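Participant: Turn this into a structure:
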Amino acid sequence: MASISGTAAPPSSAACRLRLRRHLLLRPSHLRLRAPHSIADLSRYSNSSSSSNSAPTPAQPLGPGAENGGGRSRVVEKDPIKLWERYVEWLYQHKELGIFVDVSRMGFTEEFLQQMEPRMQRAFAAMRDLEKGAIANPDEGRMVGHYWLRDPALAPNSFLRNKIETTLDSILAFSQDVISGKIQSPSGRFTSILSIGIGGSALGPQFVSEALAPDNPPLKIRFIDNTDPAGIDHQVAQLGPELATTLVIVISKSGGTPETRNGLLEVQKAFRDAGLEFSKQGVAITQEKSLLDNTARIEGWLARFPMFDWVGGRTSEMSAVGLLPAALQGIDIKEMLVGAALMDEETRNTVVKENPAALLALCWYWASEGIGNKDMVVLPYKDSLLLLSRYLQQLVMESLGKEFDLDGNRVNQGLTVYGNKGSTDQHAYIQQLREGVHNFFVTFIEVLRDRPPGHDWELEPGVTCGDYLFGMLQGTRSALYANDRESISVTVQEVTPRAVGALIALYERAVGIYASLVNINAYHQPGVEAGKKAAGEVLALQKRVLTILNEATCKDPAEPLTLDEIADRCHCPEDIEMIYKIIQHMAANDRAIIAEGSCGSPRSVKVYLGECNVDEDMQAA
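Facilitator: Predicted coordinates for the structure are as follows:
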């Protein structure tokens, strides 16, 4: 039986060697640092703050009318020694994971913390209930169990525990057999992966691949994550003859997600055109007995792996959705699970200062006043973490962007997330963050290790390429704070499977806690479903339009129709603009639609089909 537990090896101590218990805050006053202040000043501070119970030196809050708080008081500490004291007071470290969270540049006050404490305790209680199997998604009557994936012992019954463990065993065995060549395509060893999925079924695997895949993975991966024909064609064309040795992973809980279904049909056509048998190279990750599962079983696909109904797409990276693609690329998925489990353990702590996810959620609430009035800009200063901002964008915005709270009140909650990477952003939108509209707070993601040991070198005496990146991050952080722009810093020792697993778990928990603070359901997405329904209505209207045009074209002589006439015959005059857009799109794609007149003057347009279609499907539509 595969185990997802493990002895947590401490990270490299090259950056700093500290002896402290894992659950305590790191006290930087124990470090030797050079600073432009007297040794006596630092010594006095160090002596006064050696106790873990010492309180921060009070800072001067801004009064009513402060720019950031809509009249709230907030801490804007400008004295460097007092700012250092605040940094020391609020710095969190997880020693085994090598992760730090610094919230000292957020201006929350002691009064705010006291006011939020009852809400925080209610949020912790909600998290405990969630892990015990409470129905956390009442819309669908479902449990929310992504925490069980990295610690099956938490699952509420033995059946679920067994499913989690056997799925992990199957993933490890299958990926090893593919990499070793024991499982092959009809044309030989598999060389590539083509992953078809959308939303959480794509963003998680994409982020992990970008962050952790080795330079020369056993299988290279490509993604189809949209229903864009040109995008699909590009991915297939890039594979070229290698399509014959490509493992295709299709990820869809129901099997009916339109974008994923379309991607599958397009790829199956590419296989037919190349004279290849898709079933010999197809793998399904889907809910048992779904449409996709039944199709894969009947057609004899290479393998099938389960998706669980209690795991949502945006929290599915630690399920088969994320673990199978990662394992096939040679990424240590057991280490990812260990990192996530260690972070889960830490974020169960009900002492806010000792819970990094609680610190994040509290700062989000502070910055946005609990109503989402500030954006979160995510700036990872590491190329391999480029996709972290996109991954967090979905995790945060799909979870927190809700019209109604749990009591049915219309609240229009949310937290906008965007970002790219540092220091690229230094030459893009940092200018506005520093001097423009103040509608944001920043999350810096820092990685201490620049290169593997023994690979670094100095560009000039005492300075490496990574030192410049470090300087850009710290300089940007300081420049923003000097102009009263708030920020959080999350630091990891290096980008490893364990660290990435921990980061994913950290933000999953922060989202859950924040949702409790603002009294919303983080685990459903009615807005997404509404969009899917509306898209279906557009396609249904398109079929009706084609039927009307076909009837008019089959007359002798053919009868071109104006947009008003089409809308009238469809009995939907209110949809005339959408009818125009449908005709415009179909005409642009050579779909046998002939539109005479000027598209810039829609009322002048007359439309008919290039030929009469007597197909029964067209008549039935």
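Participant: Now find how far off-centre stretch 446-456 is within its chain.
Facilitator: Averaging C-alpha positions (Cα atoms, centre = their mean, to the nearest Å) puts stretch 446-456 25 Å from its chain's average.
Participant: For it, give me every contacting residue.
Facilitator: By Cβ atoms under 8 Å, 6 or more residues apart in numbering, the residues outside stretch 446-456 that reach it are 12, 14-15, 98, 380-382, 385, 464-466, 469-470, 473, 489-495. Placement of C-beta: from N, CA and C, glycine included.
Participant: ok, now with 7 Å
Facilitator: 15, 381-382, 464, 466, 473, 489, 491-495 (Cβ atoms under 7 Å, 6 or more residues apart in numbering).
Participant: Among the residues you listed, name the buried ones.
Facilitator: The neighbour count (16 or more other Cβ atoms under 10 Å) marks 381-382, 466, 473, 489, 491-495 as buried among the contacts of stretch 446-456.
Participant: Show me what the longest strand anywhere in the chain pairs with in its sheet, parallel or antiparallel.
Facilitator: For the chain, the strand with the greatest residue count under DSSP state E is strand 440-447. Looking at strand 440-447 with DSSP bridges, its partner strands are strand 375-380 (parallel), strand 487-492 (parallel).
Participant: Can I get that strand as PDB, trimmed to CA atoms?
Facilitator: Extracted in PDB, the C-alpha atoms of strand 440-447 (Å, rounded to 0.1, in the frame of the first residue of the first chain):
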ATOM      1  CA  PHE A 440      -4.800  46.500  -4.200                       C
ATOM      2  CA  PHE A 441      -2.400  44.700  -1.800                       C
ATOM      3  CA  VAL A 442       0.500  42.600  -3.000                       C
ATOM      4  CA  THR A 443       1.500  39.000  -2.200                       C
ATOM      5  CA  PHE A 444       5.200  38.500  -2.800                       C
ATOM      6  CA  ILE A 445       6.300  34.900  -3.300                       C
ATOM      7  CA  GLU A 446      10.100  34.600  -2.600                       C
ATOM      8  CA  VAL A 447      12.300  31.600  -3.200                       C
END
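Participant: K543 sits in which helix or strand?
Facilitator: helix 526-553 (DSSP states H and E).
Participant: So which elements touch that helix?
Facilitator: Counting contacts by 3 or more Cβ pairs under 7 Å, 6 or more residues apart in numbering; DSSP states H and E, helix 526-553 packs against helix 563-569, helix 576-588, strand 606-609, helix 616-620.
Participant: Run a quick neighbour tally on K581.
Facilitator: 14 (other Cβ atoms under 10 Å).
Participant: ditto for G133
Facilitator: For G133, using other Cβ under 10 Å, the count is 17.
Participant: so where is the protein shaky, pLDDT-wise?
Facilitator: Applying pLDDT under 70 to the chain flags residues 1-71, 615-621.
Participant: Leaving out the residues flanking it, which one is nearest to the residue sitting nearest the centre point of it?
Facilitator: Most central residue of the chain, judged by C-alpha distance to the mean C-alpha position with Cα atoms, centre = their mean, is Y391 at 2.2 Å. Of all residues not flanking Y391 in the chain, F207 sits nearest, at 4.2 Å (Cβ to Cβ, 6 or more residues apart in numbering).
Participant: and after the stretch of helix or strand R272 belongs to, which helix or strand comes next?
Facilitator: Using DSSP H and E, R272 falls within helix 258-273. The C-terminal neighbour of helix 258-273 among helices and strands, as given by DSSP H and E, is strand 282-287.
Participant: List the buried residues in stretch 367-383.
Facilitator: Across stretch 367-383, burial judged by 16+ other Cβ under 10 Å covers 367-368, 370, 372, 374-382.
Participant: before we move on, the earlier item: with distance to L149 as extra columns, can I get the strands paired with strand 440-447 in TSV?
Facilitator: TSV is the format used below for the strands paired with strand 440-447 (distance: least, Cβ to Cβ, whole Å):
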stretch	distance to L149
strand 375-380	24
strand 487-492	21
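Participant: for the ones you listed, which one sits closest to E508?
Facilitator: In terms of Cβ to Cβ, the element of the strands paired with strand 440-447 nearest to E508 is strand 487-492, at 14.1 Å.
Participant: can you list contacts of that closest one?
Facilitator: Contacts for strand 487-492 (Cβ under 7 Å, 6+ apart): 98-103, 105-106, 360, 363, 441-448, 477, 480-481, 499, 503.
Participant: The closest residue to P214 other than its chain neighbours sits in which helix or strand?
Facilitator: The shortest distance from P214 to any non-neighbouring residue, by Cβ to Cβ, 6+ apart, is to G330 (5.6 Å). Per DSSP H and E, G330 falls between elements, in no helix or strand.
Participant: just use 786 as the starting number from now, easier for me
Facilitator: Understood, numbering begins at 786; the last thing we discussed is G1115.
Participant: what number of residues lie near G1115?
Facilitator: Residues near G1115, counting by other Cβ under 10 Å, number 15.
Participant: And for the one 5 residues further on?
Facilitator: Here the number of neighbours of E1120 (other Cβ under 10 Å) works out to 20.
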